[in-house]
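S.K.: Sequence and computational prediction follow.
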Amino acid sequence: MPGDRAVVIDVPTSGGTRRVGLSICEDLWKGEDAGFASRYLHDADPVAALVEAGAETIISPSASPFVLGKGRRHRDILIAHATRHRVNVLATNQVGGNDDLVFDGHAAAFGAGGRPLGFGPGFEDAVTVVDVPDAASARARER
């Protein structure tokens with residue numbers, strides 16, 4: 001069952017706490033990655049709701065099957081969210097096969113403004129560690 005509200009949690013860090021918004025897979029893509037965005041035209045934007053609820057970083061686990069060219073579209077969508085909303089956006093993706101589906105991994109992290117923070121490899125299990133800047137401080141410095 002899909003959620004009906006934005007979920008933002010406080011995550012303790014060495015410098016205090018970070019407000020982290022949780023999205024799941026299609027919350028980020030809204031069909032833009034596969035050519036069916038029109039199905040979401042009248043739905044609220046889950047990313048905007050997370051930002052309105054105070055998220056400065058958005059984390060999104062995903063199980064999006066591999067399709068040639070979709071990885072680039074996903075990264076472009078992540079960059080657009082990071083730039084438009086001035087938040088960090090981190091996305092992971094399942095790796096491996098499941099029946100006739102192949103999942104390619106390719107985790108990606110972008111800082112507020114769309115600056116690349118790090119990338120995971122494709123088609124292999126990996127742990128990718130990135131330093132996530134304080135998005136609120138980055139926004140304040142830009143003013």
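M.R.: Cool, the structure landed.
S.K.: tell me the helices in this structure, going along the chain?
M.R.: Secondary structure of the chain, counting by DSSP state H: helices at 26-29, 46-52, 70-85, 135-142.
S.K.: is it possible to export those helices to TSV including mean pLDDT, distance to residue 102 and mean neighbour count?
M.R.: (C-beta placed from N, C-alpha, C; glycine too.) Formatted as TSV, those follow (pLDDT from 0 to 100; distance: least, Cβ to Cβ, whole Å; neighbours: other Cβ atoms under 10 Å):
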stretch	mean pLDDT	distance to residue 102	mean neighbour count
helix 26-29	81	18	20
helix 46-52	92	26	20
helix 70-85	93	12	18
helix 135-142	60	33	14
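S.K.: Tabulate the ones you listed in TSV, adding columns for distance to residue 7.
M.R.: Below are the helices of the chain laid out as TSV (distance: least, Cβ to Cβ, whole Å):
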stretch	distance to residue 7
helix 26-29	11
helix 46-52	8
helix 70-85	16
helix 135-142	18
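S.K.: Minimum distance to residue 11: which of those has it?
M.R.: Closest to residue 11 of these is helix 135-142 (Cβ to Cβ; 12.8 Å).
S.K.: partners of residue 103 in the sheet?
M.R.: Under DSSP bridges, the beta-bridge partners of residue 103 are residue 65, residue 96.
S.K.: Please name whichever of the helices of the chain is nearest to residue 4.
M.R.: Closest of those to residue 4 is helix 46-52, at 10.4 Å (criterion: Cβ to Cβ).
S.K.: helices or strands up against the closest one?
M.R.: Secondary-structure packing of helix 46-52 (3 or more Cβ pairs under 8 Å, 6 or more residues apart in numbering; DSSP states H and E): strand 16-22, helix 26-29, strand 57-60, helix 70-85.
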